[in-house]
Each structure stands twice: as C-alpha cells, then as structure tokens.
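[1] here are the coordinates; sequence isn't available:
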C-alpha cells in the first residue's frame, strides 16, 4: 500500500518524538518499560553474581591434591562442563578428559573409575545432567559429592570395565605394515621405532597417536590410506576373544568437507576371512564404530588384518583404534 | 532549501558542538584503550598492505622530484605497491598506511600499531557524530546521545572500533551515505552530490556497500516517490531521484579513481575482486552447538548471534524498539487497522528500519558465508541503537507518568544509567578480548561455551599470554603462536609486546613453546601439541571466567 497523505509524515518534517503522553498508559508501553527495566536489573544481578560462581586457584589446588591422594591406575577425570579445561593446569595425577558435547559409554568404558570434576555454580551449568549421563552408562557414584570451594568432585565406578585383552593400537610395533600393489606384491613399510613409515609418502606412516575425532581425543593408529591399493596393518598370532571392536574416523576439520573427497574404508580380516567393514564417509562428522562377533573363534590364535582404502586418498586423515574383548 | 534553519533535518543550535564532543570522546575512549588489544589476523595483512600503499606515495613524490611523475603511474609501479591484498579496495588501508608513515615513521608520535589504527578511531568518532546528528532529529537530543552510548557500550562493537580493519570504517561509510541521502531528501543539491561522494567512499571501503543503494531505493519507492508524485508530479519525482543519479555516477567513478590497481585493467581486475567475494569460502563457525562449515547456514543466524552478543539491557531496548517500528510499518502499509494502536510510519523511520535490518537480513540468508561474526552486520548497529533510544524515550514516558514531578527530570539519566551500567561492566570485564564476549542472556563466557558458541576468532586474544612468554621463554626460543600469522607476530615484536629474540615457529613440531588458541575446528592442533611435546598438561593459559581461550604448553 502506498504512503498516503494521512499516514505519511512529510519528509520535510523531522520525525516526531515517540508518541503522545496518553500512550504512556498503554499496556504495551508498560510491558516494554517492564522488560527494559527488568532486563537491566537482571543484567546487573548477573554481573554481581558471576564472581561468586567461579572457583579460585586455591579451590583447584585443593581438589588436585585430593585427586592425587585417591587416584589409581585406570582412573580418569571427566570435566563438567566439558570445556572447563583449566583443571589441566592443576590435575596431573590422572588423565583429564574433555569429551565435548557428545560423550558416549564407549569413550569411558575402559576406565575403572571416573572422577567427575564439576563447576556447578557457573551460569548454565547442569551438574545433574552430567551425573545422569554417567548413571545411564553403567557408572555408579561411589561416594558423596566432595566440595572444594566452588568445585565438586564425585567418584563414579564403572560397573563393567571393558579393557581389551589385545590392544591393536598399543601393539602396533609388532604389526607388519605394507601397501598391497595391484599385482599382489607388498610394498613394505618397515618398522622404525614404534612407527611404520611407508616409503611412498611421508604421511603414510602408521603409528599410535592422540588424535581428534569429532572433537574428542582418541589414542588411535594413524593410518592414512594410499588410495585403492590397501594399506595393510597385519597382526600375527592374536588371541581371539568374544568380540573385536573397532573405532575410527577422519581427524580434524577436513572431516567437514565432502566435495572432492571420498569415503575411507577399513576392512577387517581374520586369517583370510573378511569379518567386517567400517566406513568413514566424506563430510560426515563423528567416530564410526564396528563390533565383530568372534565368539566362534574365541580362544584360538589368528592373524588379524586391517586394510584401509580410499578411492581418492587426498586428505583422508584416518585414525582407528581396535581391541579384542574377551 | 538554502539555509540550515529552513532544513528540518539540519542540526539545531548546539547539535554540532555535542556531535563534536561525542566524536572526540569516542576517539579518546578508543585511543586510551587500544594498547591492550591484540592484532587480529587481518590486521597483520593490512599493516603490510598499508605500508605498501603508503610507499607508493613516497614513490610518487620521489618521481616528482626526479621530474618523472609518470613513472609512478606505470602498471608495473602500481602493481608493485598496490598488488598486495587486492581482494579489498584500498581507502581504509591507504589511510592506515599514510597515518603510520606520518605519525609513526616521520613524527614518531605513535607506536607502530597505533599509527595504523589511528584513522579507524577518527572514523569511529565521526560515526558517533553522525549517529548523534541523525538521532537528535529522529529521536531526541538526549536520545541521540543515548544511541551513541548504546552503540559503543556493546563490547564487540567497541572492540572493532580499535582495529585497522574495514569493519568500523564501513559502518561509518554506511552511516555517512544514509546521513547524506537523508539530508538530500529536502532537495539540497549539496547533499545530493555528497550522497554520491559518500557512496563512492563506501564502495572504496568494502563490498558491503554494494547492496546499500537497494535499501535506499526501497525507501524511496515506498516513502518518497508517492509523495513527490502527489505533490509535484513527474518533474518532482525526477528531481527526487537525483541522489540515485549521484550514487550511480559519482560512486563508481570515485571507486575507480581511488584504487590505482584498477587503473590499467579496470574490468579484468574488478571482476577478479567481485568474483573473490561472490565465491568466498566459509570458515568453520560454532553456533549453538553445531559447527557450521558449508551452506545452507541457519536462517536468522545474524539475529541469533546478535541476541547473545549485545548486552541484555541494550538488546531488549533494541528488540522492543525494532518490533515497535515493524508494527508501525505493518500498520502503515499492510494492516491500517493497527493505526489505532501505533502511529503510522514516517519516511525517516522507514529509512532507519531499512538500514537496521538490511545487513542483518543479508547475513541471515542460508547461502551467505558467515565467517567473522558480528562485524559483518556492524552497519546495522547504529540504526538499532536509534531504535533503542526511541524505546528508552517510551520507557521514560511510562516511568515519568508514575513519578513525582521533582523526580521527572532525573528519569531519563537515571534509567539510561541503569540500562548502560551493566553493559559498561560487561565491556570492562571483557576488554580487550572483544571477540569472546557473550551477554547475560547467554550466561557470559561460561554460558556461551556451554551453549556451544564460537569461543573467539582472529587470534588477538594471544595478548593474554604474551607477558608470560616474555618472562618464561628461553632465549631465542621458537614459539608457536597458533593462528597468529607471521605479519602479526612481527607486529607484536615491533610494538614491544613480544621479546625481540623470540622466533616464529610454524607449528608445534619446530617449537619449544606453543600457545594454542581454542577453536573447535582446530582441536586437532592441541592434540598435535600433546603428541609432539609428550604432555597434556599446560603451563599457563588465558581463561576468561574459566573458559579456555589460549592455552600454553612447554616442551618438557
């Protein structure tokens, strides 16, 4: 609708100041005033309260001392909220875990105890949610919540610790690593210390590292594919258990890029039998998991082989972790 | 309209003095708080570009002295000096470089960074003056002052005002164009020409200016054209279109003339520049828990980020102010029955409305790259501040209606103080880490982190650990300052903020100390540091209300 003479303020006239006095009684005006004054008061209150929610360095030191006195091998400190990593400055007697916004049972399954370090007074803190997550995932509180100023510590015990009986990542030194050429011959990646650098390219260099997958730290095997020719990581004489579990994914921010990149495929073989496959699709964020039922072979000793391929290996920063579970 | 007294948009008596005081106050506030602000990644590039561009003027002078003035105008001579960073026009960078040449190199009055940054503070002051002058006539005199304060007490805005980057200069240029256009609506030939000149300056600042004529054209079509046709027929309408003719003619000519790099190959080089921005990549950006990497991006992204980065007390006034104007718009052009409740929208308010929403809307479209946060819609903020000022006037009116007469005079200052105080506290608490600020609605720094918002960007927060580095780094130490580019690294040394013997490392592998800047897309960098150093225990860090910003590791 065009501007009419009745509705328009002629442009020669300056705009009127906001409406006439009787409008001060309008409920909308009153609501606006209430919102404005209320927001200002709430904001002031926020700034007054904020310092009272923050732990001091003394709080951290006291808590770190307590952790040092109770920590055992197999313990891990879990942060709540996940980003509160200032604790790393103080806590050195147990690993400190930031599992970002998507922790899973699998991320914690190998730890006997989780020491939950909470900052419950921070704005938007949700300590009950962290506790509930642990309780949902087969952890139970093993003691009271301990206060250290504005920090809290709760010990949770894992009701079912899942430590692999054979850890492929930790045992990488005993693996045979090679690239299988199209004619079936092997391009050996000779062991050098704890790693297996392949002559083909400096980044094809299999070894255990701490890498970020989906914003979470994993100790895993760096296994950059060589293309269609499989990068093979072969473990002889592995004692097979009930299950073989594999986790893998693309490291770093390249995971978000789809165009121009291809999926990365990890195939698992026991002796000559292909028992499973895990794919890290280009552009899909998150760790991928595979569980192979090996109960029929449990107790036997076999060769386990992982073969990693990608149609286009460009920037396929692949890392995986695997273990035999009895 | 020959005399200022006949022009209802002209400043009233005393307004120019108030505008000048606000400009000087803004300049001083920025100049006095600048030293603590780190060098953003872009600044490192612009320092270098400014030096190059200023060197061309030295070349020109020397060529004149030699009697070979044309030597400086050859394409080779131009490309040598203007070829760097040709993805942006050069108005602001040239000012930065010339200011540095004069005030730092020749006169020695300012430290390195301040020499480059000085023009941005002057333009920021000018922006305050224009905002006041517009506010004094479209809100009230005190409302104009309130708008200036509300604009600058927004911590991220205040941060951007310090930098030798384009964001505040382009916000100034937007305001300049709008102000000139607004003044030209009375028919003044001077302001008509100035509108074209201002638009040329805006184009010379940054490509944000491309869509500004569209905003003005919509305003003209809806609010001005019908009136002109009604009052003076086609002749009046054609006269009214003069500012657009000025924009169309003077703007591109000035743009071409200001940029020597275009002189010898205008079409080819302009197309390269335009293509660069129309196909700009997106940088990963965390937004309410999601890492945004590729289009489509969330609708209303710019509104969502604004809602958690403008101090709550100012935000509420901006929001109610904007809603009020939107309702007026609807009442005027869509649902006239609403005019029983709100006054119809006038031409000036429509102009403010268009400019308040244009930048926000553009950056809320799902296919527009969103790297860089709030700085991209900074040109909207002065107009939202004017709406906040109008809202404040209405709030004062409501409160005054319930106040005893002796207290009524104090209502506006008291309520303004109440609204602006929490913003001032937040700004002081956050300074100098502008890109880290989250408002009370978000829950401050901790709330922003828990909500899954981008923690920081641009690497300037590294200043929080420089003192520690200077005290603790071994002699000649190679230090990896994550995300700090080489130019910024050199600038820290040149400005005395980093020891001269500390050397630049490209990554953790060739460093003995690493300062990791927390950003979710770079999480792997921290783990590379763990891997190379064999430790996950930092030795120092910048933690804002517990949120890790910069974490320092030392090779054991």
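    Arrived safely. For clarity, every value in this text was computed on a predicted model and none was experimentally measured. Residues are numbered from 1 along each chain as shown, chains lettered A, B, ... in the order given.
[2] Mind jotting down where the helices sit in the stretch 151-300 of chain B?
    B:155-162, B:167-184, B:189-205, B:212-219, B:225-240, B:242-258, B:260-263, B:266-278 (DSSP state H, counting those that start in this stretch).
[3] Pull the number of nearby residues for residue A:25.
    Burial of residue A:25 is recorded as 12 neighbouring residues (other Cβ atoms under 10 Å in any protein chain shown). From N, CA and C alone the C-beta is placed, and that goes for glycine too.
[4] Kindly report the residues of the stretch 101-250 of chain A close to chain B.
    A:101, A:119, A:122-126, A:209-212, A:215, A:217 (Cβ under 8 Å from any Cβ of the partner chain).
[5] So what sits opposite the spatially most central residue of chain A in the bridge?
    Nearest to the geometric centre of chain A sits residue A:216, at 2.2 Å (Cα atoms, centre = their mean). Beta-bridge partners for residue A:216, by DSSP bridges, are residue A:213.
[6] which sections of the stretch 351-500 of chain B are below the confidence cut-off?
    For the stretch 351-500 of chain B, applying pLDDT under 70 flags the ranges B:372.
[7] For it, which segments count as strands?
    B:478-481 (DSSP state E, counting those that start in this stretch).
[8] show me where it has helices.
    B:381-401, B:405-430, B:444-451, B:463-472, B:486-494.
[9] low-confidence ranges in chain A?
    A:1-24.
[10] and the residues of the stretch 101-250 of chain A next to chain B as TSV, adding distance to residue B:502?
    Shown next, in TSV, are those (distance: Cβ to Cβ, whole Å):
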residue	distance to residue B:502
A:101	36
A:119	34
A:122	35
A:123	37
A:124	38
A:125	38
A:126	41
A:209	28
A:210	27
A:211	29
A:212	28
A:215	31
A:217	29
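[11] mind listing which of those are in strands?
    Secondary structure assignment (DSSP state E) places A:209, A:210, A:211, A:212, A:217 from these within strands.
[12] Please determine how far the last one is located from residue B:191.
    When you say that, I think you mean residue A:217. 61 Å (Cβ to Cβ, to the nearest Å).
[13] Repeat that for the first one.
    As judged by Cβ to Cβ, residue A:209 and residue B:191 stand 65 Å apart.
[14] Neighbour count: those two, which is higher?
    residue B:191 (24 against 19).
[15] OK, contacts around the more buried one?
    B:180, B:181, B:183, B:184, B:243 (Cβ atoms under 8 Å, 6 or more residues apart in numbering or on different chains).
[16] one more time with 6 Å
    B:180, B:183, B:184 (Cβ atoms under 6 Å, 6 or more residues apart in numbering or on different chains).
[17] Next: residue B:116.
    B:47, B:50, B:96, B:100, B:164.
[18] and these, which are buried?
    B:47, B:50, B:96, B:100, B:164 (16 or more other Cβ atoms under 10 Å in any protein chain shown).
[19] what's around residue 57, how many residues?
    Went with chain A since none was named. Quick note: residue A:57 (other Cβ under 10 Å) scores 11 neighbours.
[20] You answered for a different chain; I wanted chain B.
    What residue B:57 shows, counting by other Cβ under 10 Å, is a neighbour count of 15.
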